[in-house]
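Visitor: Got a predicted structure here, sequence first:
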Amino acid sequence: GIQFNPDVSMQDYPNDGLSTGSVISYNISHDNHIGINTQGLVDCIISNNLIYNYTNNGLTFYHAESSGGVTNTKVYNNTIIANTLGRWSIFLANEVTNLIIYNNILINNTGGTGGAICFLDGSSQKTFTSNYNLVSDKFCDVDDGCSQTLAYWQGLGYDANSVQAPALLTNLFVNPSGNDYHLVTGSPAINAGTNLVSPVVTQDLENMARPAEGFYDIGCYEYNSTPVGISIIQANEDNLNLIITSDLAYINDLQPTDQVMFLDLPGRMIFNGNYWNISKSSPGIYICRVLDKNGRIVGTRKFVLVH
């Protein structure tokens, strides 16, 4: 996962024990203990991140070795999904001040301890704002072992305009069992967010402009209802057999030990694995890269998706 730890005791790296003005965006974090673990944040932005298959908490705020907790930080348009062993999508351990949580998908489907949001102590209770999210029906305001409903949580003054997640995630995402968390047609997250995030969030995780249809969608992906066309703009000199259909981009005749990844033009990871569902992807230039079992690049193809 991602760790922000401005440790004031690090004598070899003198600092004030704070991370000021940091932007944590456009990340895909999966199969980690914690997705994003932070302390000492001041005036920071956490947006357009996809976090799933974590075994502890998706996004944690706390104060330990830093000189302060988390202050004046915005958490916008993230998708955080606990599928197997995970606990809380957002966990506020201590000293959280003026945290704003808007337009996030916060789901825990494990059936155990955990849910959408938990705070441990009273210092967090009146110093964060949470609204316009799509959430599991599980919250906690006492310790990380309780389980309160969304209605109870709203009675505390939080998430008045938030939406409860459907029981079947296939009504929300394109292919949740395959970790494809693009919004499916008819998803309750479409146009359910707030435009209050507009000074900060102007694109989604795949650089698609937000909002696409007047109102912001909830989560890291903006829904794209426009059919996508495909054009390959690099010759096949590397012998990669890139196949592109109306729905999928994948490498044919892949070696069992090879790894496929799809990147945007700046090199940010868009999808890790073969069979990328491109039906909801935004227009732009993309790169398909294949690595062998030793991590060496064996081929690269470039292609463009256009309306």
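Guide: Nice, I can see it.

Visitor: and Thr202, how many residues sit next to it?
Guide: Neighbour count of Thr202, defined by other CB atoms under 10 Å: 11. For glycine as for every other residue, the C-beta is placed from the backbone atoms N, C-alpha and C.

Visitor: typed the wrong thing, it's Thr127
Guide: Thr127 is flanked by 17 other residues according to other CB under 10 Å.

Visitor: One more: Tyr286?
Guide: Tyr286: 23 neighbours (other CB under 10 Å).

Visitor: That one is in what secondary structure piece?
Guide: Element membership of Tyr286, judged by DSSP states H and E, is strand 284-291.

Visitor: Relative to that strand, what are the paired strands and their orientations?
Guide: Using DSSP bridges, strand 284-291 pairs in its sheet with strand 259-264 (antiparallel), strand 297-306 (antiparallel).

Visitor: Give me the helices and strands touching the lengthiest helix in the chain, please.
Guide: In the chain, assigned by DSSP state H, the helix with the most residues is helix 150-155. Using 3 or more CB pairs under 8 Å, 6 or more residues apart in numbering; DSSP states H and E, the elements in contact with helix 150-155 are strand 139-140.

Visitor: Redo the strands paired with strand 284-291 as TSV? Include mean neighbour count, mean pLDDT and distance to Ala116.
Guide: Formatted as TSV, the strands paired with strand 284-291 follow (neighbours: other CB atoms under 10 Å; pLDDT from 0 to 100; distance: least, CB to CB, whole Å):
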stretch	mean neighbour count	mean pLDDT	distance to Ala116
strand 259-264	18	89	29
strand 297-306	16	81	33
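
Visitor: okay, those strands in CSV with distance to Leu169 next?
Guide: Converted to CSV, the strands paired with strand 284-291 look like this (distance: least, CB to CB, whole Å):
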stretch, distance to Leu169
strand 259-264, 22
strand 297-306, 25
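
Visitor: so which of those gets nearest Asn27?
Guide: Proximity to Asn27 (CB to CB) singles out strand 259-264 among the strands paired with strand 284-291, at 13.0 Å.

Visitor: which residues touch the closest one?
Guide: For strand 259-264, contacts defined as CB atoms under 8 Å, 6 or more residues apart in numbering pick out 206-207, 249-251, 254, 269-274, 276, 284-293.

Visitor: Can you pull up the most central residue in this structure?
Guide: Leu50 (2.1 Å; CA atoms, centre = their mean).

Visitor: ok, that residue touching Gly58?
Guide: No: the criterion here is CB atoms under 8 Å, and Leu50 misses it with Gly58 at 10.2 Å.

Visitor: Thr110 contacts Thr84, doesn't it?
Guide: Yes: contact criterion CB under 8 Å: Thr110 and Thr84 qualify, at 6.4 Å.

Visitor: So if I had to pick from the two, which one is more boxed in?
Guide: Neighbours were counted for Thr110 and for Thr84 using other CB under 10 Å; Thr110 has more, 16 against 12.

Visitor: ok, and the closest non-adjacent residue to the more buried one?
Guide: Leaving aside its sequence neighbours, Thr110 sits nearest to Ala82 (CB to CB, 6 or more residues apart in numbering; 5.5 Å).

Visitor: And Tyr132, by the same measure?
Guide: Tyr132 sits nearest to Thr194 (CB to CB, 6+ apart), 4.2 Å away.

Visitor: My guess is the one you found contacts Tyr102. True?
Guide: Yes: using CB under 8 Å, Thr194 makes contact with Tyr102 at a distance of 5.7 Å.

Visitor: Looking at the two, which one has more neighbours?
Guide: Using other CB under 10 Å as the criterion, Thr194 and Tyr102 rank with Tyr102 on top: 26 against 16.

Visitor: So in terms of bridging, what pairs with that one?
Guide: Applying DSSP bridges to Tyr102 gives these bridge partners: Tyr76, Asn131.

Visitor: show me the contacts for it.
Guide: Taking CB under 8 Å, 6+ apart as the test, what Tyr102 contacts is 74-77, 129-133, 193-194, 196-197.
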